[in-house]
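Chemist: here are the coordinates; sequence isn't available:
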């Protein structure tokens, strides 16, 4: 009970880091239903890109990573109560979340790209201007199509709007967009926009789609800690930068996503 009370408010300097190092264990909050980033395998064990990043982070700290799967709302609320010390679950930093959480390190990016039917004649993004383009409603992709997308410049590389849609069609999910586009070029849609991992996963599952051009923006994903412990944040930031510099993050990205989601044009 005392440990929970100690972490009920913002952490004191060095408090979290001392706890992790003393107990030789780092409790990691992640997601059990987000393959290939993090999920439970057939043995009920956590697996995936986020999981491997967490394990490597813990290894370089000289501790063991242990995983738990709290509700997403519990993680983003910042009211962790000492139940875990770090969240590695592909979270995008936002100004609102930064009020209650710290984001010591960006460890990869979700690149967003346009895609078309495999048989479509389009060769460049310019070919999509004036066309019918689909996206999931309320997403960053819809924001990009409407030219209203705002990403925090502290974390995200700058981007330009490269397509002028003739018509924007919104759907409940990215899968719904892909289902319409797979019917054929121009049947219901001319193109869609989504994350590169989502598109690649669809292609893997026999959707007749192909990515057109380079990614148009990069959504940052961060390691997350409770607000206030600068020593713990600094330690994590330093190790994640080591993993970026020595190629570990890129290697893990290729292993799980089949692509380098760590490097951007701004790097």
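Modeler: Nice, thanks for sending it over. Every value quoted in this text rests on a predicted model; they were computed, and no experiment measured them.
Chemist: for residue 163, what are its contacts?
Modeler: Contact analysis of residue 163 by C-beta atoms under 8 Å, 6 or more residues apart in numbering lists 114, 125, 126, 128, 129, 133, 145, 216. The way it works is simple: take the backbone N, C-alpha and C, and place the C-beta from them, glycine included.
Chemist: which SS state does residue 39 fall under?
Modeler: strand (DSSP: H, G, I helix; E, B strand; the rest coil).
Chemist: apart from its neighbours in sequence, what residue is nearest it?
Modeler: In space, and not counting its chain neighbours, residue 39 is closest to residue 48: 5.5 Å by C-beta to C-beta, 6 or more residues apart in numbering.
Chemist: my guess is the one you found meets residue 37, correct?
Modeler: Yes: in this structure residue 48 lies within contact range of residue 37 using C-beta atoms under 8 Å: 5.1 Å.
Chemist: what touches both of those two?
Modeler: residue 256.
Chemist: before we move on, back to that, now for the residue nearest to residue 39, how many residues are close by?
Modeler: 23 (other C-beta atoms under 10 Å).
Chemist: any idea how far residue 161 is from it?
Modeler: 33 Å (C-beta to C-beta, to the nearest Å).
Chemist: now residue 224, what's its secondary structure?
Modeler: Residue 224 ends up strand, using three-state DSSP.
Chemist: that one and residue 91 touch, don't they?
Modeler: Yes: in this structure, residue 224 is within contact of residue 91 by C-beta under 8 Å, at 5.4 Å.
Chemist: what is in contact with the two at once?
Modeler: 75, 103.
Chemist: for the two, indicate the residue with more neighbours.
Modeler: Shown here are residue 224 and residue 91; by other C-beta under 10 Å, residue 224 has more neighbours (25 against 21).
Chemist: show the pLDDT at that one.
Modeler: As predicted, residue 224 sits at a pLDDT of 96.
Chemist: list the buried residues in the host helix or strand of residue 19.
Modeler: Using DSSP states H and E, residue 19 falls within helix 15-23. Buried residues in helix 15-23, counted by 16 or more other C-beta atoms under 10 Å: 15, 16, 17, 19, 20, 21.
Chemist: would you point out the most distant pair within those?
Modeler: 15 and 21 (11.2 Å; C-beta to C-beta).
Chemist: what's around residue 76, how many residues?
Modeler: 17.
Chemist: name the SS class of it, please.
Modeler: Residue 76 - assigned by three-state DSSP - is helix.
Chemist: please shift the residue numbers so they start at 225 in all later answers.
Modeler: All right, first residue 225 from here; so that's residue 300.
Chemist: in space, what's closest to it - neighbours in sequence excluded?
Modeler: residue 321 (5.9 Å).
Chemist: point out where this structure drops to low pLDDT.
Modeler: Within the chain, the ranges that satisfy pLDDT under 70 run 225-237, 489-491.
Chemist: try it again at 50.
Modeler: 225-235 (pLDDT under 50).
Chemist: pull out the buried residues from the top helix by length along it.
Modeler: Assignment by DSSP state H gives helix 454-469 as the longest helix of the chain. Across helix 454-469, burial judged by 16+ other C-beta under 10 Å covers 456, 457, 459, 460, 461, 463, 464, 467, 468.
Chemist: tell me the angle of that helix relative to helix 239-247?
Modeler: Computed with axes from the mean of the first three to the mean of the last three C-alpha atoms, to 10 degrees, the direction of helix 454-469 lies at 70 degrees from that of helix 239-247.
Chemist: ok and the next helix or strand after helix 454-469 relative to helix 454-469, angle-wise?
Modeler: Next helix or strand after helix 454-469 toward the C-terminus (DSSP H and E): helix 472-481. Using the same axes, to 10 degrees, one finds that helix 472-481 and helix 454-469 are set 70 degrees apart in direction.
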